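Novice: Pasting a predicted model and its sequence here:
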Amino acid sequence: MLKMKVPSILLAFFLLVTYVISTSESKKDRLSNIKLPVKCFVSKNTLSCDGGKVECPAIKNFTGEGTENFKDFAITFVPNQEDVTLPELVKFYLYPRVENELYRNYTIQIGFKFHRFSVYYSQEMFDDGFRVNNLTCYSKLVDFYRQYVQDQVIRVKEESSTENVKAFGFLSVV
């Protein structure tokens, strides 16, 4: 009787250890690489993400004709900024949504001027989009955004074609 219980006990122990290891690994991945998209809103000069987990004062700056009509954006990391340690040097591109599932590029030419849409830190306006001029708050925003995995595929319309771009979240003006 004891001989039959030993293999069962060993199997149960093995399954328990496997479960504990896989659970701790998946929890670690979840904490450092959130797969769901971040959802942000800008209202009354405040940028708020995921129900207020992070909030920063933000100044809206849309200078091109018609750009003030953009209300929904996909948010992406700027390529090659993953290792930038100073948050004031980090920015995030905004892709304006033009139809249900279709976005425009983060840089748009209107007349002879190019307009680049982003969320950025600065004391001065230099991009269209949303400027945060409080560095402490912007640092928290950068840390918050860096938790997310850029795995939300959006379709971006170029002049005569579309391309897929990976975003980590969405921002709406309300």
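Specialist: Ah, there it is.
Novice: Which secondary structure elements does the helix or strand containing Tyr93 sit against?
Specialist: Secondary structure assignment for Tyr93, by DSSP states H and E: strand 91-99. Strand 91-99 sits against strand 72-77, strand 102-104, strand 113-121, strand 152-157, with contacts defined as 3 or more C-beta pairs under 8 Å, 6 or more residues apart in numbering; DSSP states H and E. C-beta here means a position set from N, CA and C on the backbone, and glycine is covered the same way.
Novice: Would you tell me which one of the ones you listed is buried the most?
Specialist: strand 72-77 (a mean of 22; mean count of other C-beta atoms under 10 Å).
Novice: Now do it: distance to the chain's middle.
Specialist: Averaging C-alpha positions (C-alpha atoms, centre = their mean, to the nearest Å) puts strand 72-77 7 Å from its chain's average.
Novice: swap in stretch 78-98?
Specialist: On C-alpha atoms, centre = their mean, the centre of stretch 78-98 falls 9 Å from the chain's centre.
Novice: Strands along this protein, start to end?
Specialist: Taking DSSP state E as the test, the strands found in the chain are 38-43, 46-49, 54-57, 59-61, 72-77, 91-99, 102-104, 107-110, 113-121, 128-132, 152-157, 162-167, 169-173.
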